[in-house]
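Student: pasting a predicted model and its sequence here:
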Amino acid sequence: MVKTRPGVVVTGLTVGALAAVSLLAFQANGAVTRPAAAKPVASAPATTASPTAGPSPAAVALPAASGSGRRVVYSTGLHQVWLVDPKKTPPVQSSFKVTPGTVGPLPGTYTVYSRTAAGTGTDGLQIEHVVRFAQQSGTVFGFSAAVDTPTPAPSPDATQPDPAQKKTGGIRSGRTDGQSLWDFAPNGTRVTVIP
């Protein structure tokens with residue numbers, strides 16, 4: 001059996017410890033000169049992310065004369081919808097652009113009276129999350145989303161103005177926004193239409 005002296009063992013441990021500390025110091029010094037790795041940055045919530053997500057910074061601000069209480073606000077001039085619940089923070093739960101039909105509802109306060117999960121729009125497109133709130137001069141007004149279109153796209157009727165064409169009152173949103181509105185607005189929900 002080989003005998004080792006205590007001084008040799010202590011010297012070996014000391015050299016090993018110094019080597020480890022030197023290596024760690026070298027790595028730490030090099031880390032200062034290396035560029036930092038990219039860190040994920042939280043983005044602002046999108047208007048189409050979820051029903052509880054707030055509006056994006058680029059969203060149009062809710063007009064002051066848009067009523068009060070829990071409601072859906074629709075601006076016929078801005079083609080914008082806001083889902084408003086003053087009991088939550090922020091009160092505007094979602095805000096998004098929409099594409100109107102060939103005619104729009106008159107300004108005023110209405111109530112959601114009918115909902116359909118899926119169907120066919122007056123323009124022949126498959127739609128979902130239909131939320132109806134008004135009928136005027138034989139035209140039914142409601143929100144919906146086209147199944148095959150992720151963002152609001154003008155219906156063929158809306159892009160070809162013709163006085164003799166069929167009047168359509170469908171207000172189209174993207175599918176994600178349509179889901180948000182569907183979740184927010186059961187029958188009886190107030191809808192405020194503003195210019």
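Tutor: That came through, no problem.
Student: show me where the chain has strands.
Tutor: Taking DSSP state E as the criterion, the chain carries its strands at 71-75, 80-84, 92-97, 108-111, 114-120, 126-136, 139-146, 170-173, 190-194.
Student: tell me which of these sits most buried.
Tutor: Sort the strands of the chain by mean neighbour count, taking mean count of other C-beta atoms under 10 Å, and strand 170-173 sits at the top with a mean of 26. (Each C-beta comes from the backbone N, C-alpha and C, glycine too.)
Student: show me what that one is in contact with.
Tutor: 74, 81, 96-101, 121-123, 127, 141-146, 149, 152-155, 181 (C-beta atoms under 8 Å, 6 or more residues apart in numbering).
Student: what is the mean pLDDT for it?
Tutor: Strand 170-173 comes out with an average pLDDT of 95.
Student: how is the chain carved up into domains?
Tutor: Split into domains by automatic domain parsing, the chain comes to 1-32, 71-194.
Student: mean pLDDT lowest where, among those domains?
Tutor: Per-stretch mean pLDDT for these is lowest at domain 1-32 (a mean of 53).
Student: so Trp182 versus Val130, what's the distance?
Tutor: Per C-beta to C-beta, to the nearest Å, Trp182 is found 8 Å from Val130.
Student: same question for Val191.
Tutor: 13 Å.
Student: what of Tyr74?
Tutor: Going from Tyr74 to Val130 by C-beta to C-beta gives 15 Å.
Student: also Arg172?
Tutor: 11 Å.
Student: who touches both of the two?
Tutor: When C-beta under 8 Å, 6+ apart defines a contact, the residues bordering Arg172 and Val130 alike are 143-144.
Student: ok, now which ones touch the nearest residue to Gly142 once chain neighbours are set aside?
Tutor: Nearest residue to Gly142, sequence neighbours excluded (C-beta to C-beta, 6 or more residues apart in numbering): Arg132, at 3.6 Å. Contacts for Arg132 (C-beta under 8 Å, 6+ apart) come out as 112-116, 140-142.
Student: so can I have TSV of those residues showing distance to Arg70?
Tutor: As requested, these are exported to TSV (distance: C-beta to C-beta, whole Å):
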residue	distance to Arg70
Val112	12
Tyr113	17
Ser114	19
Arg115	17
Thr116	22
Val140	23
Phe141	20
Gly142	19
